[in-house]
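**Student:** Predicted model and sequence below, questions to follow.
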Amino acid sequence: MAARIDHLVTSGTFALDGGEWDVDNNVWIVGDDTEAVVIDAAHDAAAIRAALGGRALRAVICTHAHNDHVDAAPALADATGAPVLLHPDDLPLWRQTHPDRAPDAELADGQEIEVAGVRLTVLHTPGHAPGAVCLYAPQLNTVFTGDTLFQGGPGATGRSFSHFPTIVGSIREKLLTLPADTVVRTGHGDSTTIGAEAPHLDEWIARGH
């Protein structure tokens with residue numbers, strides 16, 4: 001049974017540094033008809049469970065710990081028994097949203113997560129957040145970038161725990177080295193490809209944000 005990517009958009013609030021913004025988040029489900037993982041359990045655990053449709057949830061994978069990407073993670077994990085996986089460098093951000101509930105296991109650069117016969121390789125890509133990761137699935141010709149790379153440039157680096165030179169380095173070293181036709185499935189907004197974004201790296205650096 002072939003693995004597939006299901007896509008759900010959930011809506012809620014992003015809060016950091018005393019500000020709040022209404023946001024729509026992409027939730028990605030990778031699996032087949034029997035098992036799956038969720039990438040970024042945003043806002044609505046019930047809607048994500050409905051999209052799973054009874055499949056066994058193997059993991060809730062967090063690309064980073066901004067509240068809009070992890071606010072539904074504990075509820076989804078508690079309802080399904082799946083572990084929450086987060087890079088440890090993002091624990092300070094995680095604790096802002098979930099001070100009384102730790103993630104269940106750590107993500108590490110180079111780690112491989114398998115589901116439905118597909119391998120997801122963890123790429124540590126700090127910059128938008130210290131523990132930000134992307135997940136590369138060569139068999140699906142896809143990289144899930146969270147808020148590290150969007151259509152049109154890097155994720156935001158104007159708030160706490162973020163750093164523009166670091167995110168540019170992460171994109172250059174970990175993402176733009178992937179095949180040009182790799183589909184970039186982002187944390188917000190439309191998908192793109194590595195080939196569409198790679199030529200613009202110098203423009204992003206010149207803009208400095």
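**Tutor:** Sure thing, it's come through. Numbers count the residues shown, from 1 in each chain.

**Student:** so how many other residues sit close to the closest residue to residue 125 other than its chain neighbours?
**Tutor:** For residue 125, the nearest residue in space outside its immediate sequence neighbours is residue 170; the separation is 3.8 Å by CB to CB, 6 or more residues apart in numbering. From N, CA and C alone the C-beta is placed, and that goes for glycine too. Neighbourhood size, residue 170 [other CB atoms under 10 Å]: 25.

**Student:** elements contacting the host helix or strand of residue 170?
**Tutor:** Under DSSP states H and E, the secondary-structure element containing residue 170 is helix 164-170. Using 3 or more CB pairs under 8 Å, 6 or more residues apart in numbering; DSSP states H and E as the contact criterion, the elements in contact with helix 164-170 are strand 153-154, helix 201-207.

**Student:** Name the residues that touch the shortest one?
**Tutor:** Applying CB atoms under 8 Å, 6 or more residues apart in numbering, the set of residues contacting strand 153-154 from outside is 127, 128, 148, 164, 167, 168, 171, 197, 200, 204, 207.

**Student:** Next one: the closest residue in space to residue 28 that isn't next to it in sequence, what pLDDT does it get?
**Tutor:** Leaving aside its chain neighbours, residue 28 sits nearest to residue 39 (4.1 Å; criterion: CB to CB, 6+ apart). We note a pLDDT of 99 for residue 39 in this prediction.

**Student:** Right, I'll call it a day here.
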